[in-house]
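*Asks:* Take this sequence and fold it.
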Amino acid sequence: MSLQEQWIAFLTILHKEIKRFTRIWIQTLLPPAITMILYFVIFGKLIGSRIGDMSGFSYIEFVAPGLIMMAVITNAYANVSSSFFSAKFQRSIEELLVSPTPNYIILLGYVMGGVARGVAVGLIVTVMSLFFADLHVHHWFTTIFIVFMTSVLFSIAGFINAIYANTFDDVSIIPTFVLTPLTYFGGVFYSINLLPEFWQHVSVFNPILHMVNAFRYGMLGITDLNIGMALVGLTVFVVVLFIIALHLLKTGKRLRA
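*Replies:* Have a look, this model is predicted:
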């Protein structure tokens, strides 16, 4: 395929993915918005007023970046895992695989579809957070880079999950038993400086903690960890997972539901 044909193929897959989650926005965009409003009301207004300041900011300002990142992570992951597994389950993915479309174009199309949903939900949650907290971007590059790369990372992870999944139940295992615990222990609702020293060292091995802290730095200018390490580590994770996903797609050993 020529470069122009590859670009058209990529845009076609991307358009299909965006149309997919916007067409059922009541199921894809509205529930995260409602969930985040409940978080802001409960943790920000009710509990946060009793906790007081954290790291020099009100509690609701402190948790807002974490809640935004939580929405981005879960929605980017869910979009790709459900979409690609549905195509795999319905056998429609076979038509795409036998076409002259390169594997990396297929992967990029699905991943950028996940990025689109993750960023869209992140923007919705950000707008809603402004009704509860006074947020200003401290560092634009860090903020945009972390949101984009985090969306890419978890979109690829969702793609890999969909490749290995044999049933719809398999698609929900990773979000339930891996993503949710890592997110809640990823510094969304607290600073790791509040933890005992031993658990601070353990928490460092949680990749989501680095993403949340880097995004919080971009929004508020505060962090518990090294931002440079977070940016480099996130980039390395994206490259490694992309190579793994591309290899799995190329071999096609797990693409039969």
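
*Asks:* Now do the same contact list for residue 241.
*Replies:* Residues in contact with residue 241, defined by CB atoms under 8 Å, 6 or more residues apart in numbering, are 153, 156-157, 160. For glycine as for every other residue, the C-beta is placed from the backbone atoms N, C-alpha and C.

*Asks:* Can you tell me which of those is nearest residue 84?
*Replies:* Set against residue 84, the nearest of the contacts of residue 241 by CB to CB is residue 160 (9.5 Å).

*Asks:* Name the nearest residue to that closest one, ignoring sequence neighbours.
*Replies:* Leaving aside its chain neighbours, residue 160 sits nearest to residue 245 (5.3 Å; criterion: CB to CB, 6 or more residues apart in numbering).

*Asks:* Sketch out the low-pLDDT regions of the protein for me.
*Replies:* 44, 253-257 (pLDDT under 70).

*Asks:* where do the helices sit along it?
*Replies:* Taking DSSP state H as the test, the helices found in the chain are 3-23, 25-28, 30-39, 48-51, 59-89, 93-97, 103-129, 140-164, 168-174, 180-184, 197-203, 207-220, 227-251.

*Asks:* Which one, of these, ends up nearest to residue 190?
*Replies:* Comparing these by CB to CB, helix 59-89 comes nearest, at 8.5 Å.

*Asks:* What angle do helix 103-129 and that closest one make with each other?
*Replies:* Orientation check (axes from the mean of the first three to the mean of the last three CA atoms, to 10 degrees): helix 59-89 against helix 103-129 gives 150 degrees.

*Asks:* In helix 59-89, which residues are buried?
*Replies:* For helix 59-89, the neighbour count (16 or more other CB atoms under 10 Å) marks 59-89 as buried.

*Asks:* Quick one: distance of it to the chain centre.
*Replies:* Distance, stretch centre to chain centre, for helix 59-89: 4 Å (CA atoms, centre = their mean, to the nearest Å).

*Asks:* between that helix and helix 3-23, how many degrees?
*Replies:* Angle, helix 59-89 to helix 3-23, by the same axes, to 10 degrees: 110 degrees.

*Asks:* Please give me every residue in contact with the residue nearest the centre of the chain.
*Replies:* In the chain, the centroid-proximal residue (CA atoms, centre = their mean) is residue 73; its distance is 2.2 Å. Contact analysis of residue 73 by CB under 8 Å, 6+ apart lists 118, 150, 154, 179, 183, 208, 211.

*Asks:* Quick check: it vs residue 2, distance?
*Replies:* Using CB to CB, to the nearest Å, one gets 36 Å for the distance from residue 73 to residue 2.

*Asks:* count of neighbours near the residue nearest to residue 131 when sequence neighbours are not counted?
*Replies:* If the residues on either side of it in the chain are set aside, residue 131 comes closest to residue 40, at 8.0 Å by CB to CB, 6+ apart. Residue 40 has 21 neighbours, counted by other CB atoms under 10 Å.

*Asks:* Hmm, residue 40 is touching residue 127, no?
*Replies:* No: using CB atoms under 8 Å, residue 40 is not in contact with residue 127, being 11.8 Å away.

*Asks:* Does residue 79 touch residue 119 like I think?
*Replies:* No: checked against CB under 8 Å, the pair residue 79 and residue 119 is beyond contact range at 10.9 Å.

*Asks:* Next one: residue 20 from residue 79, what distance?
*Replies:* 8 Å.

*Asks:* what is in contact with the two at once?
*Replies:* Residues touching both residue 20 and residue 79 (CB under 8 Å, 6+ apart) are residue 113.
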